[in-house]
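>>> Below are the sequence and a predicted model for it; my questions follow.
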Amino acid sequence: MGVYRIAVFASGEGSNFQALAEAADAGKLGKAEIALLVCDKPSAPVVGRAGRLGIPAFLFQPKDYESREAYERVIVEQLEAHGVDLVVLAGYMRLLTPVIVEKFSRRLINIHPSLLPAFPGKDAIRQALAYGVKVSGVTVHFVDEGMDTGPIIAQAAIPIASGETPESFAQAVHAVERELYPEVVSWFAQGRVKLEGRQVTIGE
Ligand SMILES: Nc1nc2c(c(=O)[nH]1)N[C@@H](CN(C=O)c1ccc(C(=O)N[C@@H](CCC(=O)O)C(=O)O)cc1)CN2
Ligand SMILES: NCC(=O)N[C@@H]1O[C@H](COP(=O)([O-])[O-])[C@@H](O)[C@H]1O
């Protein structure tokens, strides 16, 4: 099997992108490499991370296109040109249309800062703290056409201490994400992820 090529989609800080790139460089993802960053906010810190890491970036601004579908068709061209095997969303804050979702069916995943199906969408950490739950966590899931509704691949629970703030809990979330996402991506690179209906199993 040749190199397993990954595209990361991000819109912000890029700590997950950084963790994935470092894991790949350390050989923790097997024969996988981060082949491309896709970012909808050219001034986002993640773009600088890609530059320092020597990872190609496709940057775009949705306002420059007539529709979501229009910019996603251009993104698909970029993904195909880079021979991408797996699309990894990491703080990508745009709803994907069937243009990408169908093209990369079963090869498109996302990380979300709650235990789905609780607290989907934006500001999941604030939602969880406002609700008063005692445990939240992180979910890695397949991406389908719904918002955070795809089959769940992995989850990690994180207790919420009294006096927790969105900022302090986000730090705890990021610490878990830094470990969990590279591990899940390594499962894909090894061909160990099986999806049947909504059930996901990880082979040996
Ligand atoms: N088809 C899917 N697309 C995306 C999924 C998904 O499960 N299915 N996950 C999201 C990630 N995400 C939370 O996990 C998320 C992304 C975007 C938004 C959102 O409301 N975006 C607004 C624009 C926000 C902005 O302008 O910055 C929008 O798309 O209009 C909420 C949650 C990634 N995509
Ligand atoms: N709804 C999606 C969502 O909230 N995703 C979250 O955005 C953050 C991105 O951080 P990063 O840019 O430092 O990787 C991550 O915590 C990820 O779970």
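Arrived safely. Numbering: from 1, shown residues only. Ligands and ions are numbered 1, 2, ... in the order given.
>>> which parts of the biggest helix by length in the chain are buried?
In the chain, assigned by DSSP state H, the helix with the most residues is helix 166-189. Residues of helix 166-189 classed as buried: 169, 172-173, 176-178, 180-182, 184-189 (neighbour count, 16 or more other C-beta atoms under 10 Å). C-beta: built from backbone N, CA, C; applies to glycine.
>>> can you tell if that helix touches ligand 1?
No: Helix 166-189 stays clear of ligand 1 (C-beta under 6 Å from any ligand atom), getting no nearer than 12.0 Å.
>>> ok, now stretch 73-89?
Yes: on the criterion C-beta under 6 Å from any ligand atom, stretch 73-89 is in touch with ligand 1 at L89.
>>> what about that stretch, near ligand 2?
No: Stretch 73-89 does not reach ligand 2 (C-beta under 6 Å from any ligand atom); its nearest approach is 7.6 Å.
>>> what distance separates the start and the end of that stretch?
Taking C-alpha to C-alpha, to the nearest Å, stretch 73-89 runs 17 Å from one end to the other.
>>> ok, which stretches of the chain are helices?
Using DSSP H, the helices of the chain run over 15-25, 45-53, 68-81, 98-103, 124-131, 166-189.
>>> Pipe those helices into JSON lines and attach distance to G150 and mean pLDDT per row.
Formatted as JSON lines, these follow (distance: least, C-beta to C-beta, whole Å; pLDDT from 0 to 100):
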{"stretch": "helix 15-25", "distance to G150": "17", "mean pLDDT": "98"}
{"stretch": "helix 45-53", "distance to G150": "23", "mean pLDDT": "98"}
{"stretch": "helix 68-81", "distance to G150": "17", "mean pLDDT": "98"}
{"stretch": "helix 98-103", "distance to G150": "9", "mean pLDDT": "98"}
{"stretch": "helix 124-131", "distance to G150": "15", "mean pLDDT": "98"}
{"stretch": "helix 166-189", "distance to G150": "13", "mean pLDDT": "98"}
